[in-house]
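# Show me the folded form of this:
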Amino acid sequence: MSYMYMWEYHVNPNHINDFEKAYGPTGDWVQLFKKAEGYIETELHKDINNEGRYITVDYWQSKEFCMNFRDKFKNEFNEIDERCEAYTIKEISLGEFYKQ
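Numbering: from 1, shown residues only. You can find the predicted model right below:
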């Protein structure tokens, strides 16, 4: 059973390419997550009916691995997070889940 969390993003139309690059499968977030033990993968989903709306799903082996990552890479996480805030209009946490 793995741990996952989901976010919904409403992206500034002027920053679609920047957002997709940063949040995509080889982007800044994935590169940082790959440094941590227990990271599995990240999915980026683009809404086909609502331009500029995206969902990310991040998978970890457990919530503990994810929390350890957040502690260990806090500075790098905050740097990317601050930079990427310029790309979005709104960010909504959709929750944390266990994949059965």
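# Pull the residues that contact stretch 18-37.
9, 11-12, 39, 42, 44, 46, 54, 56, 58, 65, 68-69, 72-73, 76-77, 80, 83-84, 87-88 (Cβ atoms under 8 Å, 6 or more residues apart in numbering). (Glycine included, C-beta is placed from N, CA and C.)
# can you pull the buried residues of it?
For stretch 18-37, a neighbour-count test (16 or more other Cβ atoms under 10 Å) marks 18, 19, 20, 22, 23, 27, 28, 29, 30, 32, 33 as buried.
# ok now that stretch, how far from the chain's centre?
Mean-position distance between stretch 18-37 and its chain equals 8 Å (Cα atoms, centre = their mean, to the nearest Å).
# Now the terminal residues of it, how far apart.
27 Å (Cα to Cα, to the nearest Å).
# what are the ranges of the strands in this protein?
2-11, 39-46, 53-60, 88-99 (DSSP state E).
# got the buried residues for the first one?
When you say that, I think you mean strand 2-11. For strand 2-11, by 16+ other Cβ under 10 Å, it's 2, 3, 4, 5, 6, 7, 8, 9, 11.
# same thing with the longest one?
Within strand 88-99, the residues that count as buried by 16+ other Cβ under 10 Å are residue 88.
# Okay, now the sheet partners of it, with direction.
strand 2-11 (antiparallel) (DSSP bridges).
# Run the angle between the partner strand and strand 39-46 for me.
With axes from the mean of the first three to the mean of the last three Cα atoms, to 10 degrees as the basis, strand 2-11 and strand 39-46 are set at 30 degrees to each other.
# then strand 2-11 to CSV, C-alphas only?
Output in CSV follows, covering the C-alpha atoms of strand 2-11 (Å, rounded to 0.1, in the frame of the first residue of the first chain):
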residue,chain,number,x,y,z
SER,A,2,1.6,3.3,-1.1
TYR,A,3,0.9,6.9,0.0
MET,A,4,-0.2,9.6,-2.4
TYR,A,5,-1.3,13.2,-2.4
MET,A,6,-3.1,15.2,-5.0
TRP,A,7,-3.1,18.9,-5.9
GLU,A,8,-5.2,20.9,-8.3
TYR,A,9,-3.6,23.9,-10.0
HIS,A,10,-5.1,26.8,-12.0
VAL,A,11,-2.3,28.1,-14.1
